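> predicted coordinates and the sequence they were generated for:
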Amino acid sequence: MAIIANPPFTTLTIAGSDSGGGAGIQADLKTFHAHGVHGLSVIAAITSQNTRGVTAVHPVPLAHIRSQLDAVFDDFPIAAVKTGMLGNAATVRLVARELRKRKPAWLVVDPVMIATSGSRLLDEDAVDAVIHELIPLADVLTPNLPEAEALLGRLLKTPKQRAEAAQDLLALGARSVLLKGGHGRGSEVIDRFVDTKGTMEIRHARLAREGHGTGCTLASAIAAELANGATPRQAVRRAVAYVQRALKNGYRPGQGASFVLRH
């Protein structure tokens, strides 16, 4: 059997499974493949989900999450890790503890809390664990506006409030923050990236369609870009452009209104 001299970098997603194939682990693995990295997965929750919404969530037992983490970290040289839907405080604490021990070179934290359909994907009592145990480990934190409001405990209605929020999120301990503007209003979406060097705004036209799995895809694209050698600022810019292209060329495989990204 021929051995490939230069195998692709390996990237791990720790998240929930989407039976509809548009978000979660399924979107993450599609994104990794599109970026030329080898995708690994640790499934933290199983959802019953389609393009119309989430009907059930089953948390994976902690012992099995731990065994999945052991399996991938003990065998693969993991270049970057992305976390998504973790579901409850116990899972958040377990994942944070294992990541502190394993010390991956790059960690992207997508603090998934509420699905596009409105279904809650993170228990309310888990928010504190995300803030104090997971976010301080993050190289890039990628909240949308509702998630940022939950993390900071206040509404973010104006551009000034959102600019201040990005800085306050950075103060929670992540090395950089991408505050996504997709839940805002107007013809233009403003994503704000902040790190110790300052603020970078990424502006793009708002597409007249609702995407399914955009947040999962964006965080996974950032992780893949980091694994491939990009800096966080480069990774964020390229990942935002990737999601825009994938959503612009998206399609509706089910009966719901949401568009699945074309990876």
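Structure's in. What do you need? Residues are numbered from 1 along each chain as shown.

> okay, CA-based contacts and neighbour counts for the rest of this
Will do.

> pretty sure G256 sits against T51.
Yes - if you go by Cα atoms under 8 Å, G256 and T51 touch, sitting 4.8 Å apart.

> so for the two, which sits in the more crowded spot?
It is T51, of G256 and T51, that has more neighbours when counted by other Cα atoms under 10 Å, with 25 against 13.

> dump the residue contacts of that one.
Neighbour list for T51: 20, 22, 212, 254-259 [criterion: Cα atoms under 8 Å, 6 or more residues apart in numbering].

> what's the following helix or strand after whichever strand or helix holds R245?
Using DSSP states H and E, R245 maps to helix 232-248. Proceeding N to C from helix 232-248, the next assigned helix or strand is strand 259-260, under DSSP H and E.

> distance from the chain centre to that next one, please.
Computed by Cα atoms, centre = their mean, to the nearest Å, the chain-centroid distance of strand 259-260 equals 17 Å.

> L169 against V177, yeah?
Yes - between L169 and V177 a contact is recorded at 6.9 Å, counting by Cα under 8 Å.

> of these two, who's got more company?
V177 (29 against 22).

> so what does the strand ranked longest in the chain touch, helix or strand wise?
Using DSSP state E, we find that the single longest strand of the chain is strand 38-50. When contacts are defined as 3 or more Cα pairs under 8 Å, 6 or more residues apart in numbering; DSSP states H and E, strand 38-50 packs onto strand 10-18, helix 24-34, strand 53-59, helix 62-73.

> and the angle for it with helix 62-73?
Put simply, strand 38-50 runs at 150 degrees to helix 62-73, going by axes from the mean of the first three to the mean of the last three Cα atoms, to 10 degrees.

> any stretches of the protein with poor pLDDT?
Judged by pLDDT under 70, the chain has its weakly predicted residues at 1-5, 115-121, 182-187.

> roughly how far apart are I14 and L172?
Separation of I14 from L172 (Cα to Cα, to the nearest Å): 21 Å.

> helices along the stretch 51-200 of the chain, start to end?
All helices of the stretch 51-200 of the chain, identified by DSSP state H, counting those that start in this stretch, fall at 62-73, 89-102, 127-129, 145-152, 159-170.

> just to revisit the earlier point, V108 is nearest to which of the helices and strands packed on strand 38-50?
strand 10-18 (9.5 Å; Cα to Cα).

> return the distance of the closest one from the chain's centre.
Counting by Cα atoms, centre = their mean, strand 10-18 is centred 9 Å from the centre of its parent chain.

> and it, which strands flank it?
strand 38-50 (parallel), strand 78-83 (parallel) (DSSP bridges).

> of the ones you listed, which stretch is the most buried?
Per residue and on average, the most neighbours among the strands paired with strand 10-18 fall to strand 78-83, with a mean of 25 (mean count of other Cα atoms under 10 Å).

> could you report the neighbour count for the closest residue to T47 other than its chain neighbours?
Distance criterion Cα to Cα, 6 or more residues apart in numbering; nearest residue to T47, sequence neighbours excluded, is V57 at 4.4 Å. V57: 18 surrounding residues under other Cα under 10 Å.

> now render the helices of the stretch 51-200 of the chain as JSON lines, adding distance to A138.
What follows is the helices of the stretch 51-200 of the chain, written out as JSON lines (distance: least, Cα to Cα, whole Å):
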{"stretch": "helix 62-73", "distance to A138": "18"}
{"stretch": "helix 89-102", "distance to A138": "10"}
{"stretch": "helix 127-129", "distance to A138": "14"}
{"stretch": "helix 145-152", "distance to A138": "15"}
{"stretch": "helix 159-170", "distance to A138": "10"}
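
> out of the ones you listed, nearest to V112?
helix 145-152 (7.4 Å).

> show me where the stretch 101-250 of the chain has strands.
Counting by DSSP state E, counting those that start in this stretch, the stretch 101-250 of the chain has these strands, from start to end: 107-109, 140-141, 176-179, 188-195, 198-205, 211-212.

> can you lay out those strands as JSON lines showing distance to K248?
JSON lines is the format used below for the strands of the stretch 101-250 of the chain (distance: least, Cα to Cα, whole Å):
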{"stretch": "strand 107-109", "distance to K248": "24"}
{"stretch": "strand 140-141", "distance to K248": "25"}
{"stretch": "strand 176-179", "distance to K248": "21"}
{"stretch": "strand 188-195", "distance to K248": "14"}
{"stretch": "strand 198-205", "distance to K248": "11"}
{"stretch": "strand 211-212", "distance to K248": "9"}
